[in-house]
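**Student:** coords please:
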Amino acid sequence: MKNLIYILIVCASGMLAAQTEERTFSSKQEYVEYAYSNTNLTTFSSGYLLNLDYQWMDEEFNFNSYLSELRNPDKANGDKLIQMLHIMEKSDVDQTFKKTDITSPIYADFYRVTPNANMDIPLLIFDMDFERLKLDKERIVKDWSSDKPYPMFTENDAYMVNVQMAGPFITNLINPNVRFYWNNDYFLTNTEKGIKRVELTINGRTYSLFENETFRLFDHIDQELRELKIKIIYDDATTFSNTFHLNILKTNPLEGKAEKFEFDISGTIDGLKYDPELQYRIKYACGRNKLVKPFIVVAGWGPYTDNQHFNNLNIFKAKWPANFDDLYTDFNNFGLIETMRNNGYDIVICKFFPPNEHAERNANVLINLIEYINYLKNSNGSYEENVILSYSAGAIATRLALLKMEYSHLHENNIHHQTKLFISFDGEHQGANIPLAAQHMVKHMYNNSDWPNLGLYLDGLNQILEAPLTQELLHYYYKETGDVAFNETPNQGPSTFRNQLMNTFNTYNHIKNTHIPGYPSFTRNISIAQGANKGNYNNTNQQYPYPHIEGLIPFQKTYMDNKTSSQFNLQGGNEVFAWKEKISKGNWLALNQFVTNSECLVLDNAPGGTVTVNDNPLDAIVMLMTLSFPLGTPDEKKKYTQFCFTPTIFCHDIQNFDPNSSNHRMDYSMADNKLMFKSLQDYNSGNSNEFYGYPHLPYPNNHYNQVTPFDAVFSSNINEEHILCNKVERYDYLNYDEPFVRAGNSFIHPLLDFCLYEVDHENAYIQNENYGGFCRNNYTYQATIHAPKKVYIGEKVTDRTDFKKAFFQANSRINVKAGEEIIIKVGTDILAGTNSHFKIENVECIRSKSSYSTNTQNPNSENSSQRNTFDSKEDKWVNIYPNPSNGTVFLNFLEEFNIGYSYAVYSLSGQLITQGNILENKQELQLTKGVYIIKINNHEKFSTQRIIVL
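**Tutor:** As a prediction, this is how the structure comes out:
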């Protein structure tokens, strides 16, 4: 447990004479018990004594003015609600009241609000009695200069201060679905009163609100609400009223944005009791009206899925609730999504609500979406394998979701995820980084700032810092920093939540995952990192746009007896945050000195993705530090300071980085470690690529455990904006008053080409594959491999994966299709019993070329290296029409009809409507109004089509 230190300093003639004694306390409660040990605090009947907080005794603070302002019934607002909670926490005699017990559930509900859901906001109602020492007794505390406890105080030495306040836990908001409510959970009182009802007066009209009723705000205003009069009617017939100032607009935040891209399907996957929900949108490709070839895009905790300062009106208007059009635009920043659609991929974009939940809970609901997408796809007769591109925290959820699906498929007989490629885009696999200095500044302000008009900002930042997903993502978390002032040893480390998440990955390793524990093994996994692929320190940091020296001091202030400093981490360990405050004349308490040790990685200046230019949290934190402790001018106050948010080697989960060899700087060159070769020829000649490479080339035995668990890695030679791929620049780098701006990125085209090659947008490569091998026993794995041009099969047909055979096991059913040619080479094992087919046919969205003649040589021959091509033939053997229909649907067979054909009609939810045998070449069905899936089966093949009946 942390120990508080009480230092007695004797002053003579204004000079420091000696330190006569030092007392150590295990907590603030123990300090209070010692300082007031001559006083029976239980005699203070309110349970709250304002003098317990030493800062309020400071002459400069003017607590009288602060308290008067707080009690003004004409000036209530959301910040003052937080200040009330802060005062209760500071003055609680038992030291048990925690303001987060009140605010955390509210924020959890806020983050769960989806664009069209009701936003229920509680009214916080206070009727609190506080006791305060009379002026002469308060002066004794202020001037106390002994190491002994204060003299005995009694209730007669104090007077009562009653504070009443009421208002919604909000200041600024744009949402058309706001509802107010109140209940006893949010009535904070130590008096004997109860509430009979609450009255709200808006624009001269008064409305009564009883416990747990909801009041839909925008049914009673036109466009905005600036002032709300709240009257509390107590059960003893007394009343209290105050005017609450706020700024709530009725404007729909989706107005002018929604439906810009005309998504074809919109929906929500509901999680279990404690899981989030997952909203999704689907946009078809090629002008078709069904899902055939899924390209799933998973959002993380941003952009556009959270609000850094929850009640900042400008940010709120721009970003909350999250908007799929914004997601589509951002994720299409380098043209990938539209290019995928042009190549036949149906786009599925999804986002979590709330965005800050545990990664495993996000994974659970993502599993449900993948299963649903597979159901839709298979119902349409498609077995194209999924491609999943996941951003930031979404990559962590996807990694775990696929791993859990593999485990449950093998051990619990659940379905296969049918996914061939997982693209991790800035995924924080070894953790993300927010400078420990910034984390400690947030906690310092939250715990110690007593100045008004900052409450909701500080509370919002604290909620983000304490969020489960934040704790799971950060490589170093503030709670693990050693506070030497509290007798802790210098230290740094991840949170308990992160350690638990890492253990969860290990839990779902399975018997067929022998090469990459903790990652899905039925998929090809590649990693993209928006950070430089090489460290360049030379004893000073040259990682533009980060500070040019390590150990930057973003904020430092020395004012009288208030001392605060913060610093980016340094090689060898350093003091990342320190604070010292005076208790009373000559007495000091709570010297915080958070220090890292020599094993601490220099992350703040490491190669990696930068934070966003428009919403840099460090700018806000430094600004709030200045406003939270306004007495005096800061010695140092940096603006527009960038820091490494997603270290490159963390995103690629680099295994062979040795911090001891680089003095714990992130000085790792991917080229020097042979990770940037895109072909065997380049590797043999030493010609490394500037952007990407395939780790198996220099590490052919097992690169997964030697260097990285990914099959391919992409990084540029600059540090770009996290996710958004923008260069971050300013004209005068040393001018800290000049903001950074976004600049064009010349590396977008190599990134796009890399992704297109990986998804087989022109040619497909089947190598190091084991169709039917990565599934449970007695399970037939079915997939379609479809390339617009050519398909290459064999053990040496591509350089992008290990040079191993391509197996078509007996339990596989693989349809290989190419627009031009299928080439089978050495290393192709098509085993007896497989129901796999090879054919040439046109590919949607791509102009097909002429068919080629058939080569009848045996494609199963292991020694065969010749090209094998197959006739082109349209696979259309039944026509289902008309569509839409008025009720009569015909099944017309275009090939020779055989007895044994059958049909089945399903609803979109999968419910069987009707089924039967087909007795003639043209069958008639009568269906009522609705949307149906009709499946035709002839025991060798089947056809599925969606029919609309009007």
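**Student:** Low-confidence regions, the stretch 201-350 of the chain specifically.
**Tutor:** For the stretch 201-350 of the chain, the stretches with pLDDT under 70 are 249-261, 272-274, 302-323.
**Student:** Okay, helices next: where are they in it?
**Tutor:** 313-319, 324-331, 336-342 (DSSP state H, counting those that start in this stretch).
**Student:** For the one residue sitting closest to the centre of the chain, which residues are in contact?
**Tutor:** Closest to where the C-alpha atoms of the chain average out (CA atoms, centre = their mean) is Trp301, at 2.5 Å. By CB atoms under 8 Å, 6 or more residues apart in numbering, the contact list for Trp301 reads 355-356, 392-393, 469, 473. C-beta coordinates here come from the backbone N, C-alpha and C atoms, glycine included.
**Student:** can you check Leu756 too?
**Tutor:** The contact partners of Leu756, by CB under 8 Å, 6+ apart, come to 339, 343, 762.
**Student:** Can you pull the phi/psi pair for it?
**Tutor:** Dihedral pair for Leu756: phi -60, psi -40, per degrees, to the nearest 10.
**Student:** I'd like to know how far it sits from Gly335.
**Tutor:** 10 Å (CB to CB, to the nearest Å).
**Student:** with the contacts of Trp301 in mind, which one is nearest to Ile824?
**Tutor:** For these, the residue nearest Ile824 by CB to CB is Ser392; the value is 40.2 Å.
**Student:** how about the nearest residue to the closest one, chain neighbours excluded?
**Tutor:** Among residues not flanking Ser392 along the chain, Gly300 sits closest, at 3.3 Å (CB to CB, 6 or more residues apart in numbering).
**Student:** The one you found against Ser390, yeah?
**Tutor:** Yes: using CB atoms under 8 Å, Gly300 is in contact with Ser390, at 7.5 Å.
**Student:** For Leu458, which residues are in contact?
**Tutor:** 82, 442, 445-446, 449, 624, 628.
**Student:** Make sure I have this right: it is in a strand.
**Tutor:** No: for Leu458, which was evaluated using DSSP: H, G, I helix; E, B strand; the rest coil, the result is helix, with no strand membership.
**Student:** Angles on the backbone of Asn362, please.
**Tutor:** phi -60, psi -40.
**Student:** was I right about it contacting Glu277?
**Tutor:** No: the pair Asn362 / Glu277 is not scored as a contact, 10.4 Å apart, by CB under 8 Å.
**Student:** For burial, what's the neighbour tally of the nearest residue to Asp157 once chain neighbours are set aside?
**Tutor:** Counting by CB to CB, 6+ apart, Lys137 is the residue found nearest to Asp157 once chain neighbours are left out, at 4.6 Å. When neighbours are counted by other CB atoms under 10 Å, Lys137 registers 17.
**Student:** Lys137: what's it in contact with?
**Tutor:** Counted by CB under 8 Å, 6+ apart, Lys137 has contacts 153, 157-158.
**Student:** picking that back up, what do Asn362 and Glu277 both touch?
**Tutor:** Between them, Asn362 and Glu277 share the contacting residues Phe352, judged by CB under 8 Å, 6+ apart.
**Student:** Those two: which has the busier surroundings?
**Tutor:** Asn362 (31 against 17).
**Student:** Would you quantify the distance from the spatially closest residue to the more buried one that is not a sequence neighbour to Glu357?
**Tutor:** In space, Asn362 comes closest to Ala397 once its chain neighbours are excluded; the distance is 3.9 Å by CB to CB, 6+ apart. Going from Ala397 to Glu357 by CB to CB gives 9 Å.
**Student:** more neighbours, those two?
**Tutor:** Using other CB under 10 Å, the more surrounded residue of Ala397 and Glu357 is Ala397, with 30 against 26.
**Student:** Ala359 is in contact with the more buried one, correct?
**Tutor:** Yes: counting by CB under 8 Å, Ala397 touches Ala359, with 5.4 Å between them.
**Student:** Need the distance between the two termini of stretch 631-650.
**Tutor:** Stretch 631-650 has its terminal residues 41 Å apart, counting by CA to CA, to the nearest Å.
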